[in-house]
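> coordinates only, no sequence provided:
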């Protein structure tokens, strides 16, 4: 896959928008940005059960910030963006826990999508180790 600075900028912009929604507790807007891959490696919107599951997870540990660690491009349908979510300790606002997570940016018909593993944890044809 050929990537350019445009692709890097586009994926980082999407990721920052998504993460800012989560930090701001705008979970519905954040979930609107997430997709899963179907068995043909095509991005599809989260279904209602997936949205409900991920909304609960987001609300369980409210994020106080994030740090993007790295973006790796392998193929159009197989890239990875690693990041840390920062969770404030309620007893000490200066102390933050860092939890590592990842998104799978995929390019389909020249549009970038932020994808996550589906409920079954499937990453079709992925170079990404879990």
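Looks like it came in fine. Fair warning: this is a prediction, and the values are worked out from it, not measured in the lab.

> going forward, measure contacts and count neighbours with C-alpha atoms only.
Will do.

> what's next to the worst-scoring helix or strand of the chain on mean pLDDT, contact-wise?
Counting by mean pLDDT, DSSP states H and E, the chain has its least confident helix or strand at strand 92-108, which shows a mean of 83. Among residues not part of strand 92-108, those counted as contacts by CA atoms under 8 Å, 6 or more residues apart in numbering are 11, 42-43, 76-89, 112-116.

> same thing but at 6 Å, please
The contact list for strand 92-108, computed with CA atoms under 6 Å, 6 or more residues apart in numbering, reads 76-77, 79-89, 112-116.

> centre of the chain to it, how far?
Per CA atoms, centre = their mean, to the nearest Å, the displacement of strand 92-108 from the mean C-alpha position of its chain is 8 Å.

> what is the burial count for residue 29?
Applying other CA atoms under 10 Å, we find 14 other residues in the vicinity of residue 29.

> same check, this time on residue 103
Summarising burial for residue 103: neighbours were counted as other CA under 10 Å, giving 19.

> same deal with residue 59?
Residue 59 has 13 nearby residues by other CA under 10 Å.

> phi, psi for it please.
With angles defined as degrees, to the nearest 10, residue 59 sits at phi -80, psi -20.

> now it: how far from residue 2?
Here the criterion is CA to CA, to the nearest Å. By it, residue 59 lies 37 Å from residue 2.

> do residue 115 as well
When residue 115 is compared with residue 2 (using CA to CA), they lie 20 Å apart.

> so between these two, which is more surrounded?
Shown here are residue 115 and residue 2; by other CA under 10 Å, residue 115 has more neighbours (26 against 8).

> if we can go back for a sec, narrow the contacts of strand 92-108 to just the buried residues.
Buried positions within these, assessed by neighbour count (16 or more other CA atoms under 10 Å), are 76-77, 79-81, 83-88, 112-116.

> which among those gets closest to residue 52?
Nearest to residue 52, judged by CA to CA, of the buried ones among the contacts of strand 92-108 is residue 116 at 14.5 Å.

> show me what counts as buried in stretch 34-44.
Judged by neighbour count using 16+ other CA under 10 Å, the buried positions of stretch 34-44 are 34, 35, 36, 37, 41, 43.
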